[in-house]
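Student: Quick check, what structure comes out for this input:
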Amino acid sequence: MKKLSIPSYRVFTFIMLSFLLGVFISSFFNLDFFAIYSVAIAIVVIQVSIYYIFRRDFLIKVIIFSAISFSTGFLFFSYQNTKLSSQILPFGQDKEFSGVVSSYPENEGNRQQFFLHVVDYKAKLLIEAGRYPEFAYGEKLKIKGKIEQPENFFDFDYINYLKRYSVIGIVKNAKIEIVSKNNGNRILSCLYTFRRKFESTIKKNLPEPESSLAVGILIGSKEGFTDEIMNQFNRTGITHIVALSGFNVTIIIVFLSALLLGVINRKTNFVISIIFVILFVALTGASASVVRAAIISLLLAFGATIGRRADKTNLILLAATVMVAINSFVLRYDIGFQLSFLAYIGLVYFSNILIKFFERRPLKNIPKTIQLAVTETLSAQIIVLPLLLTTFGRISIIAPLTNVLILPIIPLSMLFVFLSAIIFFLLPSIGHLAFLISYLPLKYVLLIAKYFSALPLSSIELKGSWQIILAVVYSLFIGAIYIYLTKFRWAKKSIA
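Tutor: Numbering: from 1, shown residues only. So this is what the prediction gives:
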């Protein structure tokens, strides 16, 4: 009987996948860490014993190391969850305490939210306050109010959503007094100051709702959007362009790489990508989703630079493993994390398939840059659709069309707004003119959303199990199509 052969680089794949799977499965259980740890030690002893008995069998080694990696992931999430849940706070009591603002305050309507690091409790709290006065990162505040435990609502797991930020308590409508300023990290303070000026510059130079759209696609903020516009975006299946900036960073970096393809060599392309990413992260305030997408983008760009020596699957898994090792809650409870990685999976596995369709007449006559822009954005959209469906609870019938019309424009919109803001910082008089150019693609996106959302049956709202059923059916269908095209149809053509 022929032995199963596994390439050496795939061992790394199995080990990382096992770790991520262990973290994911552990997130469904609320188990005591120390009890699990004792069981895990016994399992590892058994695994090591099996290893020495069958140490000449390579497959057994792979299985054992993968099992150990799975156990490590399972234990790791359990440890972080137990550690966070064991924090003791005086819930339901009126207390006076002080802390330092540890995040960039987010405005929504007449409210603002930010995280507060409380030294006395050694905990992080979510503070919900009125819009004014505006608070800033690094300010030390004295707060008098009631700490409440977060509660889940509808189908949303709000408790674990906050745990990914290490938050287990909320304070609403408290009396707040500023004690001192500049108590945070100086680098972060500078970055957040840049972000505040960045947003202010866009708001001053673009009218509404174009200015809110510009801020949304760059930073992920939905401040300033009316319910009508958000409903239009939801009905046309393009909510993701303003909901999660990490997904957009994925698109724009790929788009820029496509533009530079053939103009400069790979190494220069990679250096330019690094410079652009650093500038972008700095000017947008280093939000978590932007930093995450930047790391993944640079890893994949590095893989493309060194060519065949890098396995893109391993690069994606390495980035995911590192980020989950930093914060295990992001794997299941951070949709931005999930969308970023799914988008890259789509880029890696589907872009080449879609490019083959452009090799046929009359599509082959379309300029190469446009081909790449369309295929890259569509390949990402194909994979993220099931997650968007289960998250937003609505399937847009016209989403494929609207995304084809809009997604290639998003990188241009982001680039124009980004450059316009930089020009305005340096030369305000010329910056005003640059923003006039930025206005056009933003207006185009809003017009497409308005027109197509008004069409009858443009979208169907799904509730309960129908969301999951349709997402599963769609995923199976896409998987079958992928296997058919890669393993059978084009394989036969290459043989012929």
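Student: count of neighbours near Lys356?
Tutor: When neighbours are counted by other C-beta atoms under 10 Å, Lys356 registers 13. (Glycine included, C-beta is placed from N, CA and C.)
Student: Would you map the strands across the stretch 151-300 of the chain?
Tutor: 167-172, 175-180 (DSSP state E, counting those that start in this stretch).
Student: Return the most buried member of those.
Tutor: The highest mean neighbour count among those, using mean count of other C-beta atoms under 10 Å, belongs to strand 167-172: a mean of 20.
Student: For that one, name the packing helices and strands.
Tutor: Applying 3 or more C-beta pairs under 8 Å, 6 or more residues apart in numbering; DSSP states H and E, one finds that strand 167-172 contacts strand 123-130, strand 140-148.
Student: Direction included, what does it pair up with?
Tutor: Using DSSP bridges, the strands paired with strand 167-172 in its sheet are strand 123-130 (parallel), strand 140-148 (antiparallel).
Student: which residues sit against the last one?
Tutor: Contacts of strand 140-148 from elsewhere in the structure, counted by C-beta atoms under 8 Å, 6 or more residues apart in numbering, are 89-101, 116, 125, 127, 135, 169-181, 183.
Student: got it, and stretch 439-456?
Tutor: For stretch 439-456, the external contacting residues (C-beta under 8 Å, 6+ apart) are 206-207, 209-210, 213-214, 229, 231-233, 235-236, 238, 241, 398, 401-402, 405-406, 409-410, 412-413, 416-417, 458-459.
Student: mind checking which of the strands paired with strand 167-172 is nearest Asn269?
Tutor: For the strands paired with strand 167-172, the distance to Asn269 is smallest for strand 123-130, at 39.7 Å, taking C-beta to C-beta.
Student: could you give the mean pLDDT of that closest one?
Tutor: For strand 123-130, the mean per-residue pLDDT is 87.
Student: Quick one: residues in contact with that strand.
Tutor: 87, 89, 99, 102, 110-118, 135, 143, 147, 150, 162, 165-174, 176.
Student: tell me the centre residue of this protein?
Tutor: Nearest to the geometric centre of the chain sits Gly336, at 2.7 Å (C-alpha atoms, centre = their mean).
Student: what helix or strand does it sit in?
Tutor: Assigned by DSSP states H and E, Gly336 belongs to helix 335-358.
Student: Now do the buried residues in that helix.
Tutor: The neighbour-count check on helix 335-358 (16 or more other C-beta atoms under 10 Å) flags 335-351, 353-355, 358 as buried.
Student: And the contacts of stretch 439-456, which of them are buried?
Tutor: In the contacts of stretch 439-456, burial by neighbour count holds for 206, 209-210, 213-214, 229, 231-233, 235-236, 238, 241, 398, 402, 405-406, 409-410, 412-413, 416-417, 458-459, counting by 16+ other C-beta under 10 Å.
Student: Out of those residues, list just those in helices.
Tutor: If you go by DSSP state H, these have 210, 213-214, 229, 231-233, 235, 241, 402, 405-406, 409-410, 412-413, 416-417 in helices.
Student: And the strands in the stretch 301-450 of the chain?
Tutor: Going by DSSP E, counting those that start in this stretch, the stretch 301-450 of the chain shows strands at 394-396.
Student: Low-confidence bits of it, can you list those?
Tutor: Under the criterion pLDDT under 70, the flagged ranges of the stretch 301-450 of the chain are 301, 303-310, 358-373, 376-377, 394.
Student: those helices in the stretch 351-496 of the chain, which residues are they?
Tutor: Assigned by DSSP state H, counting those that start in this stretch, the stretch 351-496 of the chain shows helices spanning 368-392, 399-406, 409-426, 428-453, 465-483, 490-495.
Student: got the buried residues for the fourth one?
Tutor: Within helix 428-453, the residues that qualify as buried are 431, 434-435, 438-439, 441-443, 445-446, 448-449, 452-453, counting by 16+ other C-beta under 10 Å.
Student: For the residues you listed, could you give me JSON lines that also reports distance to Ala67?
Tutor: Listed next are the buried residues of helix 428-453 as JSON lines, based on distance: C-beta to C-beta, whole Å:
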{"residue": "Gly431", "distance to Ala67": "58"}
{"residue": "Ala434", "distance to Ala67": "57"}
{"residue": "Phe435", "distance to Ala67": "57"}
{"residue": "Ser438", "distance to Ala67": "53"}
{"residue": "Tyr439", "distance to Ala67": "57"}
{"residue": "Pro441", "distance to Ala67": "51"}
{"residue": "Leu442", "distance to Ala67": "51"}
{"residue": "Lys443", "distance to Ala67": "56"}
{"residue": "Val445", "distance to Ala67": "49"}
{"residue": "Leu446", "distance to Ala67": "52"}
{"residue": "Ile448", "distance to Ala67": "50"}
{"residue": "Ala449", "distance to Ala67": "49"}
{"residue": "Phe452", "distance to Ala67": "50"}
{"residue": "Ser453", "distance to Ala67": "50"}
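Student: Could you export the strands paired with strand 167-172 as JSON lines, including distance to Ser200 and mean neighbour count?
Tutor: Below are the strands paired with strand 167-172 laid out as JSON lines (distance: least, C-beta to C-beta, whole Å; neighbours: other C-beta atoms under 10 Å):
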{"stretch": "strand 123-130", "distance to Ser200": "20", "mean neighbour count": "19"}
{"stretch": "strand 140-148", "distance to Ser200": "23", "mean neighbour count": "18"}
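Student: Output those strands as a markdown table; include the columns distance to Ala319.
Tutor: A markdown table is the format used below for the strands paired with strand 167-172 (distance: least, C-beta to C-beta, whole Å):
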| stretch | distance to Ala319 |
| --- | --- |
| strand 123-130 | 25 |
| strand 140-148 | 35 |
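Student: Compare these and give me the one nearest Gln80.
Tutor: Nearest to Gln80, of the strands paired with strand 167-172 and by C-beta to C-beta, is strand 123-130 at 13.8 Å.
Student: what is the orientation angle of the closest one with strand 175-180?
Tutor: 110 degrees (axes from the mean of the first three to the mean of the last three C-alpha atoms, to 10 degrees).
Student: tell me the contacts of Phe14?
Tutor: Phe14 makes contact with Val62, Phe65, Ser66, Ser69 under the criterion C-beta under 8 Å, 6+ apart.
Student: Restricted to helices, list those.
Tutor: Of the positions in the contacts of Phe14, Val62, Phe65, Ser66, Ser69 sit in helices, assigned by DSSP H.
Student: tell me the contacts of Gly216?
Tutor: So Gly216 contacts Lys222, Phe225, Ile241, Val242, Ala243 (C-beta under 8 Å, 6+ apart).
Student: and this protein, what are its domains?
Tutor: 8-85, 94-184, 195-462 (automatic domain parsing).
Student: can you put those domains in CSV and add distance to Ala480?
Tutor: Conversion of these to CSV gives the following (distance: least, C-beta to C-beta, whole Å):
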stretch, distance to Ala480
domain 8-85, 22
domain 94-184, 29
domain 195-462, 13
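Student: Let's see the helix or strand in which Ser18 is found as CSV, backbone CA atoms only.
Tutor: Assessed by DSSP H and E, Ser18 sits inside helix 8-26. This file holds the C-alpha atoms of helix 8-26, laid out as CSV (Å, rounded to 0.1, in the frame of the first residue of the first chain):
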residue,chain,number,x,y,z
SER,A,8,7.1,19.5,4.2
TYR,A,9,5.6,23.0,3.9
ARG,A,10,2.1,21.6,4.4
VAL,A,11,3.1,20.4,7.9
PHE,A,12,3.3,24.1,8.9
THR,A,13,-0.2,24.5,7.3
PHE,A,14,-1.7,21.7,9.4
ILE,A,15,-0.1,22.9,12.6
MET,A,16,-1.4,26.5,12.3
LEU,A,17,-4.9,25.4,11.1
SER,A,18,-5.0,23.1,14.2
PHE,A,19,-4.2,26.0,16.5
LEU,A,20,-6.8,28.2,15.0
LEU,A,21,-9.4,25.4,15.1
GLY,A,22,-8.6,24.8,18.8
VAL,A,23,-9.2,28.5,19.6
PHE,A,24,-12.4,28.5,17.6
ILE,A,25,-13.9,25.4,19.2
SER,A,26,-12.8,26.5,22.7
